[in-house]
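Engineer: have a look; sequence and predicted model below, questions after that.
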Amino acid sequence: MEKVDLGSVIQEAISRFSQNHVGEKPLVFVTLAPALTQVPWQDRTAEEFVRRLIYETLLTSDPGAPIEVSLRHRTHLNDLNGFIGIKPNYWIQLRVAGRGIRVAEYLIDELFGEIGFQVEEWVGIDGSDTRLGIFRTIDAPKLKMVFCLASVGHKQKCDLLLPITEGNPPPALVSPGQTSHAAQV
């Protein structure tokens, strides 16, 4: 099991976009809890997916609309655990949200495909603008990631949920330990 530093991955993706993209760039607000930046994961797939998701989101977004990126833990998602057939110790949630984000299922399918994951299914409810995608690897079907796309008003929310099976949940998050900043990329 490797430790993935998601905080560094997020910052690197934002920096790379800033260096490679010419013209107007969106303002990005990042909120990271230091206890969550080191995430145990079996391989580099979570790191690579986060890197590509952040970069592609910045690339396709409206440069005049700010983007929020946050990382938090979710201790219990019992309904989700039963639905996808796994029982992790806790979940890590990466949220990318904003009014100018343009992310669709086909992009998420493509990004997961590039790291060796395939869609198990996309689930939605009639009349709802929320879709839940479950992704797994062919060679390790118990290794899964969950992605949620939601449109609320004019704001789109993209949540990557990583089930963490190793270790205990991080200690309760308190304001002094949390870092938040805005960056014009």
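Structural biologist: All right, it came through fine. Numbers count the residues shown, from 1 in each chain.

Engineer: I'd guessed Leu32 sits against Val9; true?
Structural biologist: No: using CB atoms under 8 Å, Leu32 is not in contact with Val9, being 10.8 Å away. Where C-beta positions appear, they are placed from N, C-alpha and C, glycine not excepted.

Engineer: which residue ranges of the chain form helices?
Structural biologist: Taking DSSP state H as the test, the helices found in the chain are 6-20, 45-60, 78-84, 105-114.

Engineer: pull out the buried residues from the third one.
Structural biologist: Buried residues in helix 78-84, counting neighbours by 16 or more other CB atoms under 10 Å, are found at Leu80, Ile84.

Engineer: what residues sit buried inside stretch 115-125?
Structural biologist: Ile115, Gly116, Phe117.

Engineer: quick one, what contacts the last one?
Structural biologist: Put plainly, it is Phe117. By CB atoms under 8 Å, 6 or more residues apart in numbering, Phe117 lies in contact with Thr45, Phe49, Phe135, Arg136, Thr137, Met145.

Engineer: show me what it bridges to in the sheet.
Structural biologist: Here Phe117 sits in beta bridges with Thr137, going by DSSP bridges.
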